[in-house]
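A.B. asks: sequence first, predicted model second:
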Amino acid sequence: MQSGYDIVRKSESKSPDIPDVDALDVFEAVRHIIDPEFPNTLEELNIIREEHITVDAPARVIRVQFTPTVPHCSMVSQIGLCIRMQLLREMPTNFKIDLMLTPGSHNTEEEVNKRLNDKERIAAALETPSIVEELQKLLKRRDGY
């Protein structure tokens, strides 16, 4: 089985100078992710919203804030991994991805924000076949794409 890092990066930037990526592109890439606890998408549950996404194309940085459904949500790390994995698949390879919780949306917001961007934790998770398999289930859209 391929590790998460083997399968996640697919596209290259269209322009070597300034990549052609905006917040709508990012939103379209992640809006259909299925929530790990509910049979709804992140968009349907208002976990992800276009206005909480920023793209600094010249600096090659994508920032995504997301809002868990409850302040004590235990699935925030899994949701964050799904968002990251999808963006790694869909966005140009030379972009840095910063994920964070919407301020005030979780009881342990600061701790979770550190975990969401911890390179070692991310690499370990995306190299674990059982985790990658679970994430891939959530990345499949209900319409099969």
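C.D. replies: Thanks, I have it.
A.B. asks: ok, the residue most central in space within the chain - contacts?
C.D. replies: Taking CA atoms, centre = their mean as the criterion, residue 83 is the residue nearest the geometric centre of the chain, at 1.5 Å. Shown in contact with residue 83 (CB atoms under 8 Å, 6 or more residues apart in numbering): 30, 33, 42, 48, 64, 66, 99. Bear in mind the C-beta positions are built from the backbone N, C-alpha and C, glycine included.
A.B. asks: so which of those sit within helices?
C.D. replies: Among the contacts of residue 83, the residues falling in helices (DSSP state H) are residue 30.
A.B. asks: any idea how far the closest residue to residue 34 other than its chain neighbours lies from residue 97?
C.D. replies: Nearest non-adjacent residue to residue 34, counting by CB to CB, 6 or more residues apart in numbering: residue 138, 4.7 Å away. The spacing between residue 138 and residue 97, counted by CB to CB, to the nearest Å, is 17 Å.
A.B. asks: more neighbours: which of the two?
C.D. replies: residue 138 (20 against 17; other CB atoms under 10 Å).
A.B. asks: doesn't the more buried one lie inside a strand?
C.D. replies: No. Under DSSP: H, G, I helix; E, B strand; the rest coil, residue 138 sits outside any strand and is assigned helix.
A.B. asks: which residues does it contact?
C.D. replies: 33-36, 78, 82.
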